[in-house]
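*Asks:* I would like the atomic coordinates for the input below:
(one chain, ligands or ions: 1)
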Amino acid sequence: MSFIMSVYDNLVSTAFESNLANVAICRLDTTGVVQQQQQQQHQHFASMLLLRLMVTAALVKAVCLYNGRFHPRSGCSGFGRCVIEDLTRSREVKAFQPQCKLLSSSRGLVGIYCKLRNMAPSGLAILIGAGPATGAGIARVLARDGNMAVALLARRPEPLNELVSSLRSQVSNGVIEAFPTDTQPSNLKKAFADIKSHQSFQGLKLRVAIFSIKNSSKKPFMEENFEAFMEPLETYVGGAMVFAQESLKMLFEQHGEQTLEEGSEKKGTLIFTGTLGALRANSQFSSYGASRASVRQMAQALAREMSPRGVHVAHAIANGRITDADNKETKSGKHIAAEAVGKTYLYLAQQEPTLWTHELDLRPAQEKF
Ligand SMILES: NC(=O)c1ccc[n+]([C@@H]2O[C@H](COP(=O)([O-])OP(=O)(O)OC[C@H]3O[C@@H](n4cnc5c(N)ncnc54)[C@H](OP(=O)(O)O)[C@@H]3O)[C@@H](O)[C@H]2O)c1
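*Replies:* All right, here's what the predicted structure looks like:
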């Protein structure tokens, strides 16, 4: 029994390692109940039924495990394989193009592991600040685990298009589009208009909008002049203001103006990626500190103003290095994995009005504070 459990545990961790957010586990125990052939049919039938149920219940991802035995000499080389073949042939499941694979242990225990993809996106995510670190990880998680279509915004078309191509190759059937823009009000407004009219996003409601641009400026205070000091404020705070307003307009256009009190559901989530500089500014970071702190305060004001109207506003203070990697540093808690930020944002987007997190303090386990 303990061996069986350890195989299950392994299969479950494989599922989690593969970033399956919604995991359904079924465990069938027919051992010793019926003759082997009947048992095979029984298990086969039950597995099929369960997997089909998962699909028709519109689970985006599912894992089905069972303790059937692997029979290399049987017609279709083992139960699991039969189940996978039948499953992928069945008409209602085919629509979702399940990616199934058979997992077997040296002791013959079998699990079936299925990812059900190709469902139409459940909504739209807009992220400005689409770069190779935090932005990439968030976008991948929203597209893959959140099943959202994703609009990615950044200034330089070339790296942005490269990022979009790379994400599309990593997320099967991911709907991910690029909208090069800076935070100048007219450019940002045009980007939102382009997103609204884009063919890939028709019929999709905005679920989450993320302001996550990288800005940095360091200068001895006595060398600052008014224009140089104001530039990060205009880009960063002004950009956050326009981005938030355009996102809110879209949410109200799509969901109406009804308040929660009047029966509205949650309309969407607006998230600002912050940093420690929003709380504590270092020497020579006067303009930077002012810009980060201002966006934090703006997020607070928006949360108070927009929550009753059904929009969830959150500000996340990330403290520590964020990298889009799964390596020793991220595993040991030295760095934050960008996908972990994405998973946290997806969780925020899924929160219901009964509990909305406003501010988060994100840090890797080994970060000193
Ligand atoms: N990475 C970290 O270690 C870390 C740690 C703590 C907090 N954070 C926060 O996480 C956020 C993302 O930072 P990141 O370093 O991980 O970067 P990233 O997500 O890899 O990329 C951010 C992207 O923002 C884009 N951007 C910058 N200014 C812009 C503007 N005015 N308009 C539109 N796009 C703009 C840049 O692309 P273009 O140059 O093409 O515009 C850049 O690639 C930032 O708010 C940062 O403070 C990061």
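
*Asks:* burial of whichever residue of the chain sits closest to the ligand, as a residue count?
*Replies:* For the chain, the residue closest to the ligand is Gly131, as judged by Cβ to the nearest ligand atom, at 1.9 Å. To be clear about C-beta, it is placed using only N, CA and C from the backbone, and glycine gets the same treatment. When neighbours are counted by other Cβ atoms under 10 Å, Gly131 registers 19.

*Asks:* Could you do the one 4 residues further on as well?
*Replies:* Gly135 sits with 29 neighbouring residues when counted by other Cβ under 10 Å.

*Asks:* got a list of what it touches?
*Replies:* Leu127, Gly129, Leu152, Ala154, Leu163, Ser212, Ala338 (Cβ atoms under 8 Å, 6 or more residues apart in numbering).

*Asks:* From those, pick out the ones that also neighbour the ligand.
*Replies:* The overlap between the contacts of Gly135 and the neighbours of the ligand (Cβ under 6 Å from any ligand atom) comes to Gly129, Ala154, Ser212.

*Asks:* can you pick the most crowded of those residues?
*Replies:* Counting by other Cβ under 10 Å, top hit in the ones next to the ligand among the contacts of Gly135: Ser212 with 25 neighbours.

*Asks:* Check that one and give its pLDDT.
*Replies:* On pLDDT, Ser212 comes in at 98.

*Asks:* you'd agree it is up against Ala125?
*Replies:* No - Ser212 lies out of contact with Ala125 (Cβ atoms under 8 Å); the separation is 11.4 Å.

*Asks:* which bits of the protein sit near the ligand?
*Replies:* Contact residues, the chain versus the ligand (Cβ under 6 Å from any ligand atom): 128-129, 131-135, 153-156, 159, 182-183, 212-215, 235, 239, 273, 275, 318, 321-322.

*Asks:* Quick one, which of these are buried?
*Replies:* Buried members of the residues of the chain next to the ligand, scored by 16 or more other Cβ atoms under 10 Å, are 128-129, 131, 133-135, 153-155, 183, 212-213, 215, 235, 239, 273, 275, 318, 322.

*Asks:* before we move on, back to that, can you say which two of the contacts of Gly135 are spatially most distant?
*Replies:* Using Cβ to Cβ, the contacts of Gly135 reach their maximum pairwise distance at Ala154 and Ala338, which is 14.8 Å.

*Asks:* re earlier: mind checking which of the ones next to the ligand among the contacts of Gly135 land in helices?
*Replies:* The members of the ones next to the ligand among the contacts of Gly135 all map outside helices under DSSP state H.

*Asks:* can you put those in CSV and add distance to Leu260?
*Replies:* Converted to CSV, the ones next to the ligand among the contacts of Gly135 look like this (distance: Cβ to Cβ, whole Å):
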residue, distance to Leu260
Gly129, 29
Ala154, 34
Ser212, 27
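
*Asks:* ok, those residues vs Gly263, which is closest?
*Replies:* Ser212 (32.3 Å).

*Asks:* Quick one: residues contacting Thr275.
*Replies:* Counting by Cβ under 8 Å, 6+ apart, Thr275 touches Arg292, Ile317, Ala318, Asn319.

*Asks:* run the last query once more with 10 Å
*Replies:* Thr275 is in contact with 214-216, 288-289, 292, 295-296, 316-320, 322, 362, counting by Cβ atoms under 10 Å, 6 or more residues apart in numbering.

*Asks:* Please tell me how far it sits from Gly342.
*Replies:* Look at Thr275 and Gly342: by Cβ to Cβ, to the nearest Å, they are 17 Å apart.

*Asks:* And for the nearest residue to Phe221 once chain neighbours are set aside, the neighbour number?
*Replies:* Leaving out its chain neighbours, the residue that sits closest to Phe221 by Cβ to Cβ, 6 or more residues apart in numbering is Ser286, at 5.3 Å. Using other Cβ under 10 Å, Ser286 has 18 neighbouring residues.

*Asks:* isn't Ser286 right up against Glu224?
*Replies:* Yes - applying Cβ atoms under 10 Å as the test, Ser286 and Glu224 come out as touching, 6.9 Å apart.

*Asks:* Could you pull out the residues contacting both of those two?
*Replies:* Shared contacts of Ser286 and Glu224 (Cβ under 10 Å, 6+ apart): Ser217.

*Asks:* check which helix or strand covers Gln297.
*Replies:* helix 286-306 (DSSP states H and E).

*Asks:* Tell me if I am right that Ile317 is in a strand.
*Replies:* Yes - assessed with DSSP: H, G, I helix; E, B strand; the rest coil, Ile317 lies in a strand.

*Asks:* separation between it and Val341?
*Replies:* Counting by Cβ to Cβ - Ile317 and Val341 are separated by 11 Å.

*Asks:* tell me the contacts of Leu124?
*Replies:* When contacts are counted by Cβ under 10 Å, 6+ apart, Leu124 is found next to 142, 148-151, 175, 195-196, 198, 200-201, 203-209, 250, 254, 268.
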